[in-house]
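Undergrad: this one's sequence-less:
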Ligand code: ATR
């Protein structure tokens, strides 16, 4: 029986057991997926002893993603680009790392809005943390000509522009409404939309009507950011799809079946929000 888990501190909030537990049942797999509360000072020891603990791999959530990347012996490009890993697996004795946020976001976007490039504008990204890096990388890989990064702390946006080269440009946070009006896609990667964490203060007036507005926050499912965009007639993409799709590659590595993200699974998650 293959065993996998998610590690974090705290880890209680993680919805990953719900997703993987659903798939294990759906595909009749004799496996398990548990939550493991691991403190920062225990992460290295836990991961180096993954095999002895009986695990074939794990997910990694906040705040251990950077440490997991540093500890893994091999990393896919997805993790190297972000310098953080959310999915680990063993190949023999070697620990491999990937960051599946790029895959999760881009897959859900192209499933839910296949014509997200309906017009030629830039992609605009709010925030400059690990999630922003994963998403910028996804759009560059998809061939987008220009990505604008708006961040409260401008130097972090500049660091992303420097990492990815001339197709990525850093912008002041105060320009986030004016500077994103011609966007084909606008994505919020900041925690600012989280329940109780305040508002992003966007003004969607004058936005190109083909603009797709996406959030990676999924609690609440319809954030104020998405509600305001919708009120202006813009198409929106919620954060739950990214969460569901980012889980696919890990499940396949650990349990040998590529699982489907279905409406039924989504409903299970929605009921838990
Ligand atoms: P992650 O790796 O999950 O993306 P992170 O590295 O902590 O998380 O980054 C959080 C992002 O949310 C940052 O861009 C942060 O802006 P700063 O770089 O200025 O800190 C942004 N953020 C968090 N709270 C915010 C708020 N209230 N308003 C605007 N941006 C916010």
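TA: That came through fine. Since this is a predicted model, take the numbers as computed values, not measurements.

Undergrad: local confidence estimate at the residue minimising distance to the centre of the chain?
TA: Central residue of the chain (Cα atoms, centre = their mean): residue 101, 3.5 Å from the mean position. Looking at residue 101, its pLDDT reads 98.

Undergrad: buried ones in stretch 241-254, by neighbour count?
TA: 241-251, 253-254 (16 or more other Cβ atoms under 10 Å). Yep, even glycine has a C-beta here, placed from its N, CA and C like the rest.

Undergrad: export these to JSON lines and tack on pLDDT?
TA: Formatted as JSON lines, the buried residues of stretch 241-254 follow (pLDDT from 0 to 100):
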{"residue": "241", "pLDDT": "98"}
{"residue": "242", "pLDDT": "98"}
{"residue": "243", "pLDDT": "98"}
{"residue": "244", "pLDDT": "98"}
{"residue": "245", "pLDDT": "98"}
{"residue": "246", "pLDDT": "98"}
{"residue": "247", "pLDDT": "98"}
{"residue": "248", "pLDDT": "98"}
{"residue": "249", "pLDDT": "98"}
{"residue": "250", "pLDDT": "98"}
{"residue": "251", "pLDDT": "98"}
{"residue": "253", "pLDDT": "98"}
{"residue": "254", "pLDDT": "98"}
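
Undergrad: helices - which of those residues land there?
TA: 241, 242, 243, 244, 245, 246, 248, 249, 250, 251, 253, 254 (DSSP state H).

Undergrad: from the residues you listed, which is closest to residue 96?
TA: residue 253 (8.2 Å; Cβ to Cβ).

Undergrad: shouldn't the closest one be in contact with residue 89?
TA: Yes: using Cβ atoms under 8 Å, residue 253 makes contact with residue 89 at a distance of 4.3 Å.

Undergrad: any shared contact partners between the two?
TA: Counting by Cβ atoms under 8 Å, 6 or more residues apart in numbering, the common neighbours of residue 253 and residue 89 are 56, 57.

Undergrad: ok so residue 105 is a helix residue?
TA: Yes: with DSSP: H, G, I helix; E, B strand; the rest coil as the criterion, residue 105 is part of a helix.

Undergrad: the chain: helices as residue ranges?
TA: 16-26, 43-48, 65-71, 77-82, 101-112, 130-141, 154-164, 224-231, 240-246, 248-255, 263-272.

Undergrad: sounds good, over and out.
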